[in-house]
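Colleague: Quick one, what's the 3D model for this:
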Amino acid sequence: MEKSCTLLVHFDKGTPAIATEIKEALEGSDVSAKIDAMKKAISLLLNGETLPQLFITIVRYVLPSEDHTVQKLLLLYLEIIDKKDQKGRVLPEMILICQNLRNNLQHPNEYIRGVTLRFLCRLNETEIIEPLIPSVLQNLEHRHPFIRRNAILAMMAIYKLPHGDQLLVDAPEMIEKVLSTEQDQSAKRNAFLMLFNCDQDRAINYLLTNVDKVSEWGELLQMVVLELIRKVCRTNRGEKGKYIKIIISLLNAPSNAVIYECAGTLVSLSSAPTAIRAAANTYCQLLLSQSDNNVKLIVLDRLNELKSSHREIMVDRIMDVLRALSSPNLDIQRKTLDIVLELITPRNINEVVLMLKKEVMKTQNGELEKNGEYRQMLIQAIHSCAVKFPEVASTVVHLLMDFLGDSNVASAIDVAIFVREIIETNPKLRVSIITRLLDTFYQIRAARVCCCALWIIGEYCLSLSEVESGIATIKQCLGELPFYSISEEGEAPTDASKNSQQPSSVTVSSRRPAILSDGTYATQSAASETAFSPPTIVQGSLAAGNLRSLLLTGDFFLGAVVACTLTKLVLRLEEVQPSRVEVNKVSTQALLIMVSMIQLGQSPVLSHPIDCDSYDRIVLCVRLLCSTGDEVRKIWLQSCRQSFVKMLSEKQLRETEELKAKAQVSYAQPDDLIDFYHLKSRKGMSQLELEDEVQDDLKRATGEFIKDGDDANKLNRVLQLTGFSDPVYAEAYVTVHHYDIVLDVTVINRTTETLQNLCLELATMGDLKLVERPQNYTLAPESSRQIKANIKVSSTETGVIFGNIVYEASNVLERTVVVLNDIHIDIMDYISPAVCTDAAFRSMWAEFEWENKVAVNTIIQSEKDFLDHIIKSTNMKCLTAPSALDGDCGFLAANLYAKSVFGEDALVNVSIEKQLDGKLSGYIRIRSKTQGIALSLGDKITLKQKGGS
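Modeller: Now for the predicted structure:
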C-alpha cells in the first residue's frame, strides 16, 4: 500500500549513492560531507529504499550536530522514515528522538525552535508528540514572533489529530487568549485560523466582538476572516446580513488581494443590487489599477460572470470596462469588447461608439505590431453596434471606409461587409456611402475587398450621375486598353482596341520560334537574326489603378466580378439615360473591356490561363449586353438584391431566436412556498439586508435555488463493473467535471466471510491520469462500502479506465482478483456547441493539420434527417443557415462547430448526396489542431451514423 508523502525532492537516478558511503560520510567530522550524505539518504528514502542500518548512525553522529543545515535535514529525515511497525505500533527506537526534539524546542536559537515546531505539524504519532506538549505550550509565550506563529500551527496540527482534543484539552481557550494579546500579524492570522478550524463558534464570537477593528487588521488575517464568512454563510444563510456589512467595510482595505476576495465573496453570498454594485465597482477599479495582464484577464472573467447574472447593474459600469482597451494585450482587448457588446443599450450606445471610434483612429499610427488585428476587432465591434442600433451607423461608416484600403486584408474585408450591410439597412445613407466609396475605390488593394465593393457599386448606384461615376471609376482603375500587346511580322495587333506599330525590320526567310531567357517566345530569322518583340504586358500609366494590377496577376474571378458590375450598371443606365446613343457608347466600351479580359486570359503572357467559371461568366455578360430580355433584366437588377435582403433578415431572425432561447427562465411549481417580505418584521434590518431578503425570495420564486439534477439522468451514469454472481459486486457512478472525473464506486461483499485488504486497483489508457490510489478496506459479510477515485483529464480524447478488485479471505491463502468491466469515457462530456464566423471557420479549416475522413454509411434516407442525427450525436452546432439547407436537390453540404472545455476547436464538414437507389453517400470530414479530438469524433460518428441509436 502506498503511504502519504509530505515531501517531494528531485532525484537523479544516474549515479545512485551507496549506503556504506553515506554511513562513512555521516560518521566523519566534515560538516559539508554530512550535509551531502543526508541529502542522498533522504533522496533514496523518498524513492523507495529502506536503509534500516542508517538510523542508529544518524542518532549517534547527526543528532549532536550544532549545524543548522544538518538539523534541518535531520528533521526532514525523521519526517519521511517509517515510525511504526507492521502492526501499527510506534517503533521503540523512536523514543531516542523524543529527547532531541524536546531539547530543540528549548534551544536558545530561534531558527532551531521554529523548524522543530514546523516539523511537529507533519507528525502523526501521538506517542512521540505527547511528551513534547509542555515544551510546545511554553513557546506560545516566546518573545520572538517566528516561534509563536509556528507554535500556534503546531498546536493546530496536534489538535486536529484523531485524539488531539484529549492531548490539548484547553487549546481553543488558550489560543483565544493569545489572539487578544498577540501583536504580530502573522501569528494572529495563525491563531484565528486555528479557531476557525477547531472551534468555529469561538472564531465567530471573536469576529463579531471585534467587528469595528476588522478593517485595521492585517491582510493575512482579513483573508481568513473572508474564508470564515463564506463557510458560515453557506451553512446558515439566514445570518448573512451582518457578515455582508463586514465584507462591505473590507472593500476599502489597502490590499488588492483582500478587495478582490471581498468582491468574490459578495457575489457568491448576495444578490442585493447594492452588494453587486459594490463588487462590480471593485472589479473595475482592479481592472484599471493592475498592470499585470493575468490579473486583468482574471478580473475580466469575473466581470463576464457578473454580466451573465446581473446585466442591468453591469450596464452602468460599461465605460469603466471599456477603459481596459488601453492595454496593448490582444486577449484583454478581445475579452473587453466581448463583455461591452452585450451591455449596449440605447442610453450608452453613443458613448461606446465614440470610444470605439477613438480607438480605431489610434490604430492608424502603426506603432504596435498587432494594430491590424486590433483594428479588425474594433471594426467588428462597431459593425455589431450599428446592426443593433442603426441610428449610429451614420457616425461611423465614413470613418471606417477610410480603412477599405487597409494593408490588413481581414480588417478591410470586415469594413466592406459592414458597409454592404449598412447601405441596405440605412437607405438614408445610401447616396453618401456610394459617393464616398467611388472616391476611395482606387485605394483598395485586396481582390476580395474589391469584389465586395464592386458588388455594392453594381447594386446601389441608382441615379444617372451615380451610374456614370461608377462606370468611370471602374474604367479608370482598369487603365488603358489593351492589357497586353504583341508585335510580329505579318500579324495585326491581337487587341483590336489598340493599333500597334508594325515591325520595322522585315526579312522574309526561314523562321523558327526561339525561347528567350524569360521563357517567352520570339521569332528568329535565319538570314538576318532579327528578333521581334515578344508579347508584353502593357502596364498602363501611373494613374492606372488597382483593378488592372490585380487582373495582371491572373485574378480572373475579379475580372468576372468587374464584368458583372459593368453589366448591371449598363442595364441600369438603359433605365435612367434617355439618350440611346450614350447607352450604346457605354455598352460598347463595357463589351470592349470584357473581350480584352478574355483575350488576356487566353494569351501566353500570363502563367495561368483564365479558369472555365470566370470565362463562362464573362461570356454570359457579353451575350447579355448584346441581347437583353425583360426577364433577364429583372434577375440581374432585382433578384440579387432580394437574395441579400433575405440573407440579412434570416441572420437577424437567427440572432433573435438565440436571444429568446437564452432568456427562457425555469419557473418554480405553482404550490411552492413564497415568503412575502412586506409581512416580515424589519426591526434591526439594514437596507442591504432587506434588499438581500427580497432577492432571495425572488430567486426562490423563479426556481433559481432549485438544483436541476434529474434522478433519471443520474441512473444513466451508473455502470455495472462486476457480474451478479461474483463474490464482490461493484458498480460505479461516473461524474465528469471539466478537468477531472470522479468515480463513486459501491462495493458489496456478497459472501458470508469478512474480506480483508480489499483494494480497488485502477489503470487508465489515453490522456487520463489517476490522482491517488484508493486504500485498503475490510468488508464485513453482506456489507458495502463507497470508494471514491479521482482521475485527471488533460485533453479531449476518448479514454478507458480498467482495473480489478483484489481482496483476501480468511479461508483462502492466495489473494482473489475480480476483473472489472472497462469504463469508456465519452468525448461528448467535453465538447459543447459553439459559434464562429464563416471566415474564422475557413481560416481554421486551412490551418488545422489533423483530418479524419469518415465515409457515410447509414440507413437514413433523408439528407436533412441524417444531418440532424449527426448534430445530435456529436453535440455540435450547425453553422450553415437553415435556408441554405432547404429544398430537395439530392445534395447537402453543412459545416458544424464545437469547442472543448480545454479550448480546442472541432470542425466538421458534412457533404452528402442521394444516389439513384435512394441511399445516401458522401463523406464527413473532421479537422482539429490535435489528433485526439479528430480520431475520437470520427469513432463517435462511425458508431452513431447508422441511425439506430
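
Colleague: Relative to the whole chain's centre, how far out is the strand or helix carrying K177?
Modeller: Counting by DSSP states H and E, the element that carries K177 is helix 171-181. Centroid separation between helix 171-181 and its chain, computed with Cα atoms, centre = their mean, to the nearest Å, is 47 Å.

Colleague: And stretch 625-632, by the same measure?
Modeller: Stretch 625-632 has its C-alpha centroid displaced from the chain centroid by 54 Å (Cα atoms, centre = their mean).

Colleague: Please apply the same query to stretch 98-114.
Modeller: The answer for stretch 98-114 is 52 Å, by Cα atoms, centre = their mean.

Colleague: List of residues touching that stretch?
Modeller: Outside stretch 98-114, the residues that touch it by Cβ atoms under 8 Å, 6 or more residues apart in numbering are 63, 68, 71, 116-117, 119-120, 128, 131-132, 135-136, 138-139, 142, 144, 146-147, 150. Backbone N, C-alpha and C define where each C-beta goes, glycine included.

Colleague: That one: end-to-end distance?
Modeller: 16 Å (Cα to Cα, to the nearest Å).

Colleague: Could you give the average pLDDT over it?
Modeller: Mean pLDDT, stretch 98-114: 87.

Colleague: And for stretch 225-232?
Modeller: On average, stretch 225-232 scores 85.

Colleague: for stretch 83-93, same thing?
Modeller: Here the average pLDDT along stretch 83-93 is 76.

Colleague: mind listing what's buried in the helix holding K177?
Modeller: By 16 or more other Cβ atoms under 10 Å, the buried positions in helix 171-181 come out as A171, P172, M174, I175, E176, V178, L179.

Colleague: just curious, which of those is nearest to G48?
Modeller: A171 (37.1 Å; Cβ to Cβ).

Colleague: That closest one and I129, how far apart?
Modeller: 13 Å (Cβ to Cβ, to the nearest Å).

Colleague: Nearest spatial neighbour of Q931, chain-adjacent residues omitted?
Modeller: Of all residues beyond its chain neighbours, the one nearest Q931 is W850 (5.0 Å), with distances taken as Cβ to Cβ, 6 or more residues apart in numbering.

Colleague: need the contact list for the one you found.
Modeller: Residues R927, S928, K929, T930, Q931, I933, A934 are the ones in contact with W850 under the rule Cβ under 8 Å, 6+ apart.

Colleague: how about the nearest residue to the third one once chain neighbours are set aside, what does it touch?
Modeller: Nearest residue to K929 in three dimensions, chain neighbours excluded: F848, at 5.3 Å (Cβ to Cβ, 6+ apart). Applying Cβ under 8 Å, 6+ apart to F848 gives the contacts D905, L907, R927, S928, K929.

Colleague: Now for the fourth one: which residues touch it?
Modeller: Listed by Cβ under 8 Å, 6+ apart, the contact set of S928 reads F848, W850, E904, D905, A906, L907, A934, L937.

Colleague: How many residues are close by Q183?
Modeller: By the measure other Cβ atoms under 10 Å, the count of residues near Q183 is 8.

Colleague: Pretty sure it sits in a strand.
Modeller: No. Applying DSSP: H, G, I helix; E, B strand; the rest coil, one finds Q183 to be coil, outside a strand.

Colleague: For M223, see how far away it is.
Modeller: Distance from Q183 to M223, by Cβ to Cβ: 19 Å.

Colleague: ranges for the helices of the stretch 201-350 of the chain?
Modeller: 219-235, 240-250, 256-269, 273-289, 293-309, 311-314, 318-322, 330-341, 349-362 (DSSP state H, counting those that start in this stretch).

Colleague: Quick one: those helices as CSV, columns for mean neighbour count and distance to L400 too.
Modeller: CSV is the format used below for these (neighbours: other Cβ atoms under 10 Å; distance: least, Cβ to Cβ, whole Å):
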stretch, mean neighbour count, distance to L400
helix 219-235, 18, 47
helix 240-250, 20, 44
helix 256-269, 20, 37
helix 273-289, 20, 27
helix 293-309, 17, 26
helix 311-314, 16, 27
helix 318-322, 20, 18
helix 330-341, 18, 16
helix 349-362, 17, 7
